[in-house]
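Peer 1: Attaching a predicted model along with its sequence, questions to come.
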Amino acid sequence: MTKKILSLGFVLILAGCAAPNRMMGSGGSSADPCPNPVCKVKVTVTGYCDFAFDPATKHLYIDAGDKNMLIQWDLVGAKFIDDQSIYLKDPGANNPPDLTQFTKAGDYKFTVHNAHSVAGKSYEYGVRVNQNGNVCDHHPWIDN
């Protein structure tokens, strides 16, 4: 009897680990948007300015109902340069201001406040970093 209970408990634990966590989206698709209040993006720079993102997508999806959240980029393999290391490709598209407080929070962390006041809007942004003395630039999207 004890063996059956332990086996059942082990199966339930494994099933829980295999099930997707619906509270913490990855931001990789509109069906799995970024979690609120902080959407984390891991950026890895390897080789000669080769960017990899986690979530591994060109678009970062934010749920329409998530207001006043923080997007945080964590960097590996390079360093953020300054407060313009994350920037909007078309700053005029940010009207009314939806994305604000662009802040280099350290060599390996950058944050942006997303008011998300305009649902259904996309912003192409740039990631500019220093990798071993080389300035590297990449252009993904934020989809509100």
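Peer 2: Noted; the coordinates are in hand.

Peer 1: Not counting residues beside it along the chain, what's closest to the residue nearest the centre of the chain?
Peer 2: Closest to where the C-alpha atoms of the chain average out (Cα atoms, centre = their mean) is residue 41, at 2.9 Å. For residue 41, ignoring the flanking residues on the chain, the nearest one in space by Cβ to Cβ, 6 or more residues apart in numbering is residue 73 at 4.9 Å. All C-beta spots, glycine's among them, are computed from the backbone N, C-alpha and C.

Peer 1: Now do the one you found, the pLDDT please.
Peer 2: With respect to pLDDT, residue 73 scores 94.

Peer 1: Number of residues surrounding it?
Peer 2: Counted with other Cβ atoms under 10 Å, the neighbours of residue 73 add up to 23.

Peer 1: Is it in contact with residue 129, as I believe?
Peer 2: No - in this structure, residue 73 is not within contact of residue 129 by Cβ atoms under 8 Å, at 9.7 Å.

Peer 1: between those two, what contacts are shared?
Peer 2: 43, 80 (Cβ atoms under 8 Å, 6 or more residues apart in numbering).

Peer 1: In a helix, residue 92, correct?
Peer 2: Yes - using DSSP: H, G, I helix; E, B strand; the rest coil, the assignment for residue 92 is a helix.

Peer 1: if I look at it, how far off is residue 100?
Peer 2: Distance, residue 92 to residue 100, by Cβ to Cβ, to the nearest Å: 15 Å.

Peer 1: Please identify which of these two sits among more neighbours.
Peer 2: With neighbours defined as other Cβ under 10 Å, residue 92 and residue 100 compare such that residue 100 has more, 11 against 6.

Peer 1: Cool, thanks, signing off.
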